[in-house]
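**Q** Next one to model:
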Amino acid sequence: MKGGRAVGRLGGRVHLLAVLLTAGLAFRLSAQDDAGIALGSTPPATTVADLDGKPVDLATYAAKRPLLLEFWATWCPICRALEPKLIAAHARYGARVQFVAIAVAVNETRESVRRHLTEHPMPYPYLWDTNGAAVRAFEAPTTSYIVVLDADRKVIYTGVGADQDLDAVLARIAPLN
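**A** Residues are numbered from 1 along each chain as shown. Below you'll find the predicted structure:
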């Protein structure tokens, strides 16, 4: 049994180290850091699925107006903390900016996303990144990752975390009259 406890303690220490590293990464990454896809770049063509499994080309959402993408998961506490800011930003800028959430397929199912949205309806579409194509295309470092594209499909903002000033970003590309 002594060996089993030692392995358990070691496993616990490894788990604690992983948690601390993840927390450190989340702390280090902020709206000001250069996380993910490069500013000024044009993302590659990317196909994800809607919650019914039908393919969706993300470019269709950025065809006529700026686009705000959030990489999101039901299990993400930072996403939950960011949600009021996104709802408020959508209320102010939703007529000028397309909002889309990309549900990542990590420890998640389409059904869990559907259940979550039934309990917590949102005012904009949620798509399903079945095979991680959007995560790779936008180089999403984590959930709660926001990417904003201008009307020319150029990346003008990336950020991570609950303290992002979305209003300032959106006011630049879709000013309220």
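**Q** Contacts for the helix or strand that contains Leu68, please.
**A** According to DSSP states H and E, Leu68 maps onto strand 67-72. For strand 67-72, contacts defined as C-beta atoms under 8 Å, 6 or more residues apart in numbering pick out 58, 61, 79, 82, 86, 89, 97-104, 126, 129, 134-135, 138, 140, 142-149, 153, 166, 170. Bear in mind the C-beta positions are built from the backbone N, C-alpha and C, glycine included.
**Q** In its sheet, which strands sit next to it, and in what direction?
**A** strand 98-104 (parallel), strand 145-149 (antiparallel) (DSSP bridges).
**Q** if we can go back for a sec, could you pick out the buried ones from the contacts of strand 67-72?
**A** The neighbour count (16 or more other C-beta atoms under 10 Å) marks 58, 61, 79, 82, 86, 89, 97-104, 126, 129, 134-135, 138, 140, 142-149, 166, 170 as buried among those.
**Q** List the contacts of Val169.
**A** Val148, Ile156, Tyr157.
**Q** how does it look with 10 Å?
**A** Residues in contact with Val169, defined by C-beta atoms under 10 Å, 6 or more residues apart in numbering, are Ala31, Pro66, Leu68, Ala89, Tyr93, Val97, Ile146, Val148, Ile156, Tyr157, Thr158, Gly159.
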